[in-house]
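Engineer: Provided below for reference: sequence and predicted model.
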Amino acid sequence: MRPFLPALRAACLPFVTRSLRGPRRRRFVLGSALLGLFVVLCGTWIGLSPGELARDVRVSLDLERNHWDREQLEFTIFVDDHRELARVQRELESSAEWSTPRYRAEEGWLLLDAVASPHVQVPARFEDLRRRARDLRNERIDLAPPDLDERRQYQHFDWSYAHDRRRLEAILDAELVPRVVVYRSPLDLAQTIRVIGGLAGSLLLLLGMVIAPLWVGVSVAQELHENTLQPLTGTALTARQLVVGLVVGALVPVAITAAPLVLVHLSAAAIAGRLVPALGLLLMTLAMAGMLVGLAMLIALGVGKRRAPGIVGIGLLALLGLAGAVGLAVGLELRSGVIGAVTVMPAAGPGHLLAEAFFPMSHLSAADARGLDLRLVLATVGALVLGGLALRAIERIVGGTHRDGALGRIEAAAAALVLLVLATAALPERNHFGEVALASIAVALLPLQLVLLGRAPGGDVPPALRRVPVAALLREHAVWIGGAAALALLVCGPPSDPHPGAILGLMHLAWALGVAALVTLRAGTLPASIPTKVWLMVCVGVVMLEYGTAAVWCLDSPDGALLFPLAKASPVLGLVHVGLFLWIPISLLRAFVPPERAKVDVARLPELGE
Amino acid sequence: MQIELKQLGKTYDGEDWAVRDLSLRIPSGSIFGLIGPNGAGKSTTLRMVATVMDPSEGEIVYDGRGGGEGRSLRTTELRRRIGFLGDGNPLYKQMTPVEYLRFFGQCFGIEGAPLERAIEQTLVTFDLRGKADTPAGSLSKGMRQRLLIARCLLHEPSLLILDEPADGLDPRGRSDLRRVLDRVRADGITVIISSHILRELDDLCDQVAIVQRGRLVVGGEVADIIDRFEVGRFVYELRLLEGLEAARAVLARHRVLIEREGESDGLPLLAIQVQGGEAMMADVLADLVSAGARVVTASRVRSRLEDVYDRVSEDQVN
């Protein structure tokens, strides 16, 4: 075996040189430096600028309260500059019938009026506040508006609401004379540095979760589509080196772009004293990006020959963009009850760490925080394992040595186990075996189908000539599903209230999982015409229906529920359901039976030369 | 490099064989032609020899060293001794010839000054110096093909494998290719070349093998094969200015078979099959002139290898 580092260098050098050829290196370096500068300037602007747009950005990022809210809460009038300040102060001193300060004072008076109302029950501890409110109201009766009765209807005050009490205190402290101040950002320099770090971290997340896998996927799809991968397989590089080179070569521009962002991100985190979550964010983003790069490459290898790289890119962008956006949204405001999302949404964990690093919120209990940390570690390790296995599969596909499957039996079992552990960890706390088992299988079912495809024969065998060992693959699939049950047993213990109806539920479950596996193998290994694809979609629909039926029969002991639920709508539909239940597995299995082909008798070819 | 194929076989589904029981011995420094119709198993064979595909059975031995039954010898050392141009090899359109050669040179483990020297020398050898910084997408097809072959030879292999290298080339491109191969032969590199255009191969190759449906039909030195199949017929096209009837009479007297009569550029055209070699054709031409037939052009249109192929094959080839 060649030493690791020279082999790695040999793998990377051609592809890195290719990526940075000509003026590209200079352009990438310049571009990334500009991006780093832009992040610092943009973060500073967001953090410190008193401008309206910057203020709106701060409000939308929850860095600052809404302008109107602040004015209400602080009994303040914000003005943009000193000229406006002088104008409003003149208004304040004048006795004009209508002016902004007068209107605010009237609003304050109305609030005092509502608080002082004898119909409102006041908690004893706030009696003093109420007394002060009543005194001030009576003292400034001149502020009572002419349309008092009408405006009273819109006043509301809730003593149990801290926001209302704070507003009242501000009015009382100001003695109904609103403060007039020139608006400034409420963020100080330390908070601005956090904004800069958060901005750099967000861009790193974008690069890792979307751009990097997208770039690699499109590069591989392009190599396949233009048939430029084939000459590379005949060079002195091994298949593993080739895969590493393709990945590294495609990622070099991304890495150059990310370098100044990493520097800004870590510097900001160090200044803010949040280096640990910031480093965690980088580590987890790298692990998740590795897994997503593997997934993108597998997709590109699967469809790159038939679809143009642009189409592959659009598909990947939609997939990665959606997954990234949803994951980030969940991760940034991770609440108790959804902490498991970090194990199944690649962007959720890094998103949470980004929030922890720069905008920490203490909204989780200690137990939840411990559970979350455990899940973050699980998700990172899981992503590393899955990414490694994906690259192993890709190596075999690129090298053309996946005749018996891109994944070995043990590798596939390891991947399935990791997926099931992650799926189980994603579930909210539950105590029932059945619920945990069914939910974890449902969550992991789609990625398990990818693993199953990894076990299907590929290689240089044309799809029409493939022999798929269906029975053996279904057995493996069943073992993985058994693993989900074992995990549920481990987490929840044995089922506490088994009932006879569960046997029927298990029958439906076995049917659904078996047919799902058959659909996967049929779609992934054999050629399919358009009618076949439509039929496979019908099969998927029935699988979902059967899974739902299985859940109903396994978890409940349903009274009056039908074994074939479509029969509830009409007897004819019930018959159709029974027919599909019987015919779908038969139709799928028939596709794997090799057709009778006229065999070429090579012995009868002319032997003139021999 | 001397290559030996020992009962090589490749099946994709365990039932039908793309290549079966193929045994060949390719001497070091020779140009070996692999001939056969589309789907005969040429590309499969070449891919196995290039170690990018494992055989299903049999073994390929390179200078006495093989990977074992049913396995390609996929070592870095061997790959560095092989230059392989597969079927339909594309280029990176945005890369210049220099960048392209540098990329592949590094893929073969050449770096730094030796690589730059090799690139420079290769560009000169393949007459691409003037286009060194032109994107490959802007090169002519012949230039692109030269660049592809240059890429295969950059790392100085001792075995060059070319799968249908003349496919899609115009006459000038083919002539360029022939010159390149003559140069390669002079360097003592073993060349395996596949084609279904036999005229390109008969006076270029030292040895040929004709394969059909994955099996060797006939193989050996070109002259031996022609002798073995007693191919003494040549096909010519004659364009006459006048004296068509006289020409027919002369041809009948010499027992020359007229394969086809037609017209070319407004002149009568006769495609004739002459039994008995080029001396016989010289006699026929002399008699045609004596009989008053005014022959404008007399050109050979088929090689003798094609005749051998016609004799042994079931399929039509170009």
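Structural biologist: Alright, I've got the coordinates.

Engineer: just name the shakiest helix or strand of chain B by mean pLDDT.
Structural biologist: Sorting the helices and strands of chain B by mean pLDDT, DSSP states H and E puts helix B:304-312 at the bottom, at a mean of 71.

Engineer: how is chain B divided into domains?
Structural biologist: B:3-220, B:233-312 (automatic domain parsing).

Engineer: over to chain A?
Structural biologist: A:25-50+A:190-400, A:65-182, A:402-496, A:497-593.

Engineer: for residue B:235, find the nearest of these.
Structural biologist: domain A:25-50+A:190-400 (36.8 Å; C-beta to C-beta). (Glycine included, C-beta is placed from N, CA and C.)

Engineer: so what's the closest residue to chain A within chain B bridging to?
Structural biologist: Using C-beta to the nearest C-beta, the closest approach of chain B to chain A is made by residue B:218 at 2.7 Å. Taking DSSP bridges as the rule, residue B:218 bridges to residue B:210.

Engineer: that one and residue A:22, how far apart?
Structural biologist: As judged by C-beta to C-beta, to the nearest Å, residue B:218 and residue A:22 stand 51 Å apart.

Engineer: just residue A:569 next, same as before
Structural biologist: Distance from residue A:569 to residue A:22, by C-beta to C-beta: 66 Å.

Engineer: shouldn't residue A:553 be in contact with residue A:501?
Structural biologist: Yes. At 5.3 Å, residue A:553 counts as touching residue A:501 under the criterion of C-beta atoms under 8 Å.

Engineer: out of the two, which sits in the more crowded spot?
Structural biologist: More crowded of residue A:553 and residue A:501, by other C-beta atoms under 10 Å in any protein chain shown: residue A:553, with 22 against 18.

Engineer: my read is residue B:192 is in a helix, agree?
Structural biologist: No. Judged by DSSP: H, G, I helix; E, B strand; the rest coil, residue B:192 forms no part of a helix; its state is strand.

Engineer: so it is in contact with residue B:160, correct?
Structural biologist: Yes. Residue B:192 is within contact range of residue B:160, at 7.4 Å (criterion: C-beta under 8 Å).

Engineer: most packed of the domains of chain A?
Structural biologist: Most buried of those by mean neighbour count (mean count of other C-beta atoms under 10 Å in any protein chain shown) is domain A:25-50+A:190-400; its value is a mean of 20.

Engineer: could the domains of chain B go into JSON lines alongside mean neighbour count?
Structural biologist: Output for these, formatted as JSON lines (neighbours: other C-beta atoms under 10 Å in any protein chain shown):
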{"stretch": "domain B:3-220", "mean neighbour count": "19"}
{"stretch": "domain B:233-312", "mean neighbour count": "16"}
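
Engineer: same list (these) but as CSV, adding distance to residue A:279.
Structural biologist: As requested, the domains of chain B are exported to CSV (distance: least, C-beta to C-beta, whole Å):
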stretch, distance to residue A:279
domain B:3-220, 34
domain B:233-312, 70
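
Engineer: closest one to residue A:515 among the ones you listed?
Structural biologist: domain B:3-220 (25.9 Å).

Engineer: any regions of the stretch 201-318 of chain B where pLDDT drops low?
Structural biologist: B:202, B:229-233, B:302-304, B:311-318 (pLDDT under 70).

Engineer: need the helices for it, in chain order.
Structural biologist: B:222-228, B:244-253, B:277-290, B:304-312 (DSSP state H, counting those that start in this stretch).

Engineer: and of the ones you listed, who's closest to residue A:301?
Structural biologist: When those are compared (using C-beta to C-beta), the closest one is helix B:304-312, at 39.1 Å.

Engineer: and the longest helix for chain B?
Structural biologist: Of all the segments of type helix in chain B, defined by DSSP state H, the longest one is helix B:171-186.

Engineer: how far does that one sit from its chain's centre?
Structural biologist: Helix B:171-186 has its average C-alpha position 11 Å from the chain's average C-alpha position, going by C-alpha atoms, centre = their mean, to the nearest Å.

Engineer: same question for that helix, mean pLDDT?
Structural biologist: Mean per-residue pLDDT for helix B:171-186: 79.

Engineer: ditto for stretch A:39-49
Structural biologist: 94.

Engineer: ok, stretch A:578-593 next?
Structural biologist: Per-residue scores along stretch A:578-593 average to 90.

Engineer: pull the distance from that stretch to the chain's centre.
Structural biologist: The answer for stretch A:578-593 is 36 Å, by C-alpha atoms, centre = their mean.
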